[in-house]
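**Student:** whatever this is, show me its structure:
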Amino acid sequence: MTRKAVKGILLSAPALILLAVVFLTIAAPWISPYDPDAQSLVDRLQGPSWAHWLGTDALGRDTLSRVLHGGRFSLSVALITTLFSLLVGTLLGLLSALRGGWLDEFFLRINDLLLALPEIVIALLIIAVMGPGFGTMVLSVGVVSWTPTARLVRSMAAQALSTHHVEASHHVGASRWFILRHHVLPFVAGPVLAQAALRFGLLLVLLGSLSYLGIGVQPPQSDWGSMLAEAQPHAIRSPWGLIAPGAAIFMVSFCVTLLGNRITQSLNGQDVLATEAKAETHD
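**Tutor:** Reported below is the predicted structural model:
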């Protein structure tokens with residue numbers, strides 16, 4: 001990906017919105033107007049006002065402060081899970097493409113099995129066995145989220161290994177590590193980055209769903225999913241408790257998905273230019 005393309009992606013509206021959200025959540029301890037856990041039953045279920053910009057919840061806690069602090073946990077868990085799935089998927093995909101044979105066949109069957117089952121069902125089964133908690137939630141989602149990345153890496157790595165550059169490197173006695181570092185990883189890096197951006201949005205929604213069901217984040221810690229669950233019984237009287245965290249999840253997921261699509265389009269555009277350049281060279 002060219003420097004101009006990277007600059008265009010980083011300066012796009014979705015990237016700037018994400019940057020603003022990340023900054024606000026990181027700075028939450030200093031910019032939030034109230035303690036997110038401070039209760040005031042006198043002020044419960046209030047609508048937006050100058051004192052509480054997004055209203056209050058059923059315990060009188062400031063919704064804006066809770067959204068900012070809850071975002072720290074939601075985004076950090078989604079990021080950790082995405083990195084975990086990215087690392088596991090990349091390693092398994094590369095191993096499958098490099099080794100081939102029975103190992104590749106075994107990998108494909110396991111991958112097909114996990115892809116055939118809904119991710120949330122597998123995550124629920126793992127959490128039911130191990131119990132709710134931060135570590136269990138990350139592990140349960142990470143176990144089921146590496147399969148799309150692994151399949152993509154295997155396909156891209158197999159394609160890279162079949163090129164003339166790799167064949168020439170084999171003939172001159174290049175090591176497998178040299179081929180992996182100079183021919184395979186640069187070829188795989190761009191699509192994996194685009195895949196990671198798309199997976200981050202999906203995992204944010206999945207983690208929020210687990211918290212909404214009460215088996216993710218446990219009190220007193222809160223995130224956007226648990227805020228939705230707490231606000232649902234009072235949705236008619238005070239809809240702001242649902243709108244604020246729901247809008248935060250939607251906005252972050254939407255912006256990350258747009259960034260992933262921008263990266264994919266940029267990579268596809270480069271492939272088209274490379275193909276045209278090769279055709280002109282042959283002519």
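**Student:** just the CA trace of the strand or helix carrying Trp30, in CSV.
**Tutor:** Element membership for Trp30, per DSSP states H and E: helix 28-31. Only the C-alpha atoms of helix 28-31 are listed here, as CSV (Å, rounded to 0.1, in the frame of the first residue of the first chain):
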residue,chain,number,x,y,z
ALA,A,28,-12.6,9.5,30.5
PRO,A,29,-11.1,9.8,34.1
TRP,A,30,-10.3,13.4,33.5
ILE,A,31,-13.1,14.7,31.3
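**Student:** got the contact list for that helix?
**Tutor:** Helix 28-31 is contacted by residues 24, 65, 68-69, 71-72 when judged by C-beta atoms under 8 Å, 6 or more residues apart in numbering. Every C-beta, even on glycine, is put in place using the N, C-alpha and C of the backbone.
**Student:** show me these that map onto helices.
**Tutor:** 24, 65, 68-69, 71-72 (DSSP state H).
**Student:** mind giving me JSON lines with those and columns for neighbour count and pLDDT?
**Tutor:** Output for the ones in helices among the contacts of helix 28-31, formatted as JSON lines (neighbours: other C-beta atoms under 10 Å; pLDDT from 0 to 100):
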{"residue": "Leu24", "neighbour count": "16", "pLDDT": "91"}
{"residue": "Ser65", "neighbour count": "23", "pLDDT": "90"}
{"residue": "Leu68", "neighbour count": "22", "pLDDT": "91"}
{"residue": "His69", "neighbour count": "19", "pLDDT": "90"}
{"residue": "Gly71", "neighbour count": "23", "pLDDT": "89"}
{"residue": "Arg72", "neighbour count": "17", "pLDDT": "88"}
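**Student:** in the helix holding Trp30, what counts as buried?
**Tutor:** Judged by neighbour count using 16 or more other C-beta atoms under 10 Å, the buried positions of helix 28-31 are Ala28.
**Student:** now Arg44, nearest residue through space, not along the chain?
**Tutor:** Gly60 (4.4 Å; C-beta to C-beta, 6 or more residues apart in numbering).
**Student:** tell me the SS of the one you found?
**Tutor:** Under DSSP: H, G, I helix; E, B strand; the rest coil, Gly60 falls in the coil class.
**Student:** pretty sure it is touching Ser40, no?
**Tutor:** Yes - assessed by C-beta atoms under 8 Å, Gly60 is found in contact with Ser40 at 3.5 Å.
**Student:** which of these two has more neighbours?
**Tutor:** Legend: neighbour count by other C-beta atoms under 10 Å for Gly60 and Ser40, higher for Gly60 (17 against 14).
**Student:** got a list of what that one touches?
**Tutor:** 39-44, 46.
**Student:** ok so, going back, pLDDT on the helix holding Trp30, on average?
**Tutor:** Helix 28-31 shows a mean pLDDT of 90.
**Student:** what of stretch 252-264?
**Tutor:** 85.
**Student:** okay, buried residues for that stretch please.
**Tutor:** 252-253, 255-260, 262-264.
**Student:** need those residues in a markdown table (columns: secondary structure).
**Tutor:** Below are the buried residues of stretch 252-264 laid out as a markdown table (three-state DSSP):
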| residue | secondary structure |
| --- | --- |
| Val252 | helix |
| Ser253 | helix |
| Cys255 | helix |
| Val256 | helix |
| Thr257 | helix |
| Leu258 | helix |
| Leu259 | helix |
| Gly260 | helix |
| Arg262 | helix |
| Ile263 | helix |
| Thr264 | helix |
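**Student:** quick one, grab the pLDDT at the spatially most central residue of the chain.
**Tutor:** Central residue of the chain (C-alpha atoms, centre = their mean): Phe200, 1.1 Å from the mean position. Predicted confidence (pLDDT) for Phe200: 88.
**Student:** so it is in which element?
**Tutor:** Short version: Phe200 belongs to helix 185-212, going by DSSP H and E.
**Student:** immediately after that helix, which helix or strand?
**Tutor:** Next along from helix 185-212, by DSSP H and E: helix 224-231.
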